[in-house]
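*Asks:* Build me a model from this:
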Amino acid sequence: MRYRTRLTAPAAALLGTAAATTLAPSAHAASGGTSRTAGVKDAAAPGPETLGDPVYPSLGNDGYRVDAYHLDLAYDATTKLVEGEATLRIRTTQDLSRLSLDALGLDIRSVRVGGRAATYEQVDEKLRITPSRALPAQTRTTICVEYGADPRRALTHTAWVPTVDGFAVCPQPNSAHTVFPCNDHPVDKADFTFRITVPSSLRGVASGILVRTETLDGDRTAYSYRSRSPIATELVQITVGDYVVKDRQGPNGLPLRDVVPVARAEALEPALALTPGLVAWLEQRLGAYPFETYGLLPCNSDDPAAFDFTGLETQTLTLYKPNYLLQAERFIGSHMMHELVHSYFGNSVSPGTWADLWLNEGHADFYGLLYRYERGWTDSLGLTTMEARMKNTYARGDQWRRTSGPVAAPNEANLFDSQRYLGGVLVLYALRQFVGEATFSTIERTFLDRYRNASATTENYISVASEIAGQDLSGFLRDWLYGTTTPRMPGHPDWTVTPVTTSLIAPQNRTAGHHDNSATL
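*Replies:* Numbers count the residues shown, from 1 in each chain. The predicted structure follows:
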């Protein structure tokens, strides 16, 4: 039996602020699509079905921005299916006869705009919606989509991670819309509330803070969460399983919560207990932790094919393979730092486009490696200092630029390879060498403060660096970020780059889109 969930207070609040709209023309489904007709007449123009991302050009939608999402999901442990209702509060940026959401693998039941039935069609990875009347620019309204989802459905790409007792999600970079219809691009961050209904023997958890627990008929429980900060769709976490939530206190009163499989809680405790020290170390370098809570989610699955990465930085919860965390601190501490750094670079400040991924991964590896070397732990190459690792990376520079492109110019096939990670670290190391450690630290904090809870591009980082350094660094940084050859390393005139040959191994390339190319592993 599938349970249809009811609208709860957070969603009702969203609807209460919406501008009501009335009915418009039916859409014709393209070949292979699905359509429903609500009838009426055309007006204005359809919104663009892209945000023009250079890596994922079909991702996202224009003509509006999302202010808030409320996701009301119910999991049936017998069928292992999910019933969902997504309520989006939007504001239009142009006159719209039609708008679209990203959606893939979702069984759409109905769509309402401003509380009224709307025409919709599913074509490729878009849910096209025609409201009952064209929406004028600068209108605020709501879109409510009822749908079903099968976390085990085979798709070209998916965020669902099925487990023996439920699921987790790993939306990065372009798969949040397999879990809920959305404007699936990090430039359109929004507030989120969640309500997750599960059998009472299981636990539902999401990004943010638990604000309500309801006991329902049929031996079910509903858990409601709210995030105090906006979230990019690729950073949403929703998980269901036989979990225990372990609370502890971090530095400066920060609440920490880990979501742990009940059967593994004791074995995982040594790894979970490392988090307060990691947060304290990073706060000294980047400032106060930017969100209301942090913790780890060791997903309840030992299936090596469950997901193709070790850790993933969903907002306020880092998703991990549980067995990885059973290792000694010297084997996991550096990568735990990498994932924590993403709370700052990647989550608090999201990439303006996916070509700006080096800002996320370069910074995460930079501080993760610093943490490792401060403790005298050898890296995967047997090296124990940042200087030694950067000299090794520098030698590979021209080859990586040939096989993987410049650091800030990826494509979909090589987005998550080593050039975005260690190549990004090399750029940051060169900048620190050029401006000095004190100025570099000020650049980092200023960038984080200026773009907190927003998105930022490579050009934004270059602008902040130039401002803080008191000199134009655009030429210097663009050579490092976009050049086809590796510039001279400041302070190390003796460092040399190995000539490009076809026999050298290219940086690792993960076609699935997730990252295990971090130097902190």
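*Asks:* and residue 52, what does it touch?
*Replies:* The contact partners of residue 52, by CB atoms under 8 Å, 6 or more residues apart in numbering, come to residue 62. The way it works is simple: take the backbone N, C-alpha and C, and place the C-beta from them, glycine included.
*Asks:* Tell me the secondary structure at it.
*Replies:* What DSSP: H, G, I helix; E, B strand; the rest coil gives for residue 52 is coil.
*Asks:* Look up how far residue 79 lies from it.
*Replies:* Distance of residue 52 to residue 79, computed by CB to CB, to the nearest Å: 39 Å.
*Asks:* Residue 194 too?
*Replies:* 21 Å.
*Asks:* Looking at the two, which is more packed in?
*Replies:* residue 194 (27 against 12; other CB atoms under 10 Å).
*Asks:* mind listing what residue 46 touches?
*Replies:* Going by CB under 8 Å, 6+ apart, the list of residues near residue 46 reads 63, 96, 97, 98, 99, 100, 128.
*Asks:* Mind putting those residues into CSV with neighbour count?
*Replies:* Listed next are these as CSV, based on neighbours: other CB atoms under 10 Å:
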residue, neighbour count
63, 23
96, 25
97, 20
98, 25
99, 26
100, 26
128, 24
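*Asks:* Go through those and name the one nearest residue 380.
*Replies:* residue 100 (43.6 Å; CB to CB).
*Asks:* Run through the bridge partners of the closest one.
*Replies:* residue 128 (DSSP bridges).
*Asks:* swap in the one 10 residues further on?
*Replies:* The residues paired with residue 110 through beta bridges, assigned by DSSP bridges, are residue 146.
*Asks:* and it, how many neighbours does it have?
*Replies:* Residue 110 has 13 neighbours, counted by other CB under 10 Å.
*Asks:* about what we covered before: of the contacts of residue 46, closest to residue 177?
*Replies:* Nearest to residue 177, judged by CB to CB, of those is residue 100 at 10.8 Å.
*Asks:* right, and the closest one touches residue 125 too?
*Replies:* No - using CB atoms under 8 Å, residue 100 is not in contact with residue 125, being 9.7 Å away.
*Asks:* Would you list the phi and psi of the closest residue to residue 230 other than its chain neighbours?
*Replies:* Once flanking residues are discounted, residue 230 sits nearest to residue 189: 4.0 Å by CB to CB, 6 or more residues apart in numbering. Backbone dihedrals for residue 189, given as degrees, to the nearest 10, come out at phi -70, psi 150.
*Asks:* do the same with residue 414
*Replies:* phi -110, psi 20.
*Asks:* Can you give me the neighbour number for it?
*Replies:* Residues near residue 414, counting by other CB under 10 Å: 22.
*Asks:* Can you tell me the closest non-neighbouring residue to it?
*Replies:* Nearest non-adjacent residue to residue 414 (CB to CB, 6+ apart): residue 404, at 4.8 Å.
*Asks:* Isn't the one you found up against residue 421?
*Replies:* No - assessed by CB under 8 Å, residue 404 is found out of contact with residue 421, at 10.8 Å.
*Asks:* So between those two, which is more surrounded?
*Replies:* Between residue 404 and residue 421, residue 421 has the larger neighbour count (other CB under 10 Å), namely 31 against 23.
*Asks:* which residues does the more buried one contact?
*Replies:* By CB under 8 Å, 6+ apart, the neighbours of residue 421 are 361, 362, 364, 365, 515, 517, 518, 519.
*Asks:* Relative to residue 286, how far out is it?
*Replies:* From residue 421 to residue 286 the distance is 18 Å (CB to CB).
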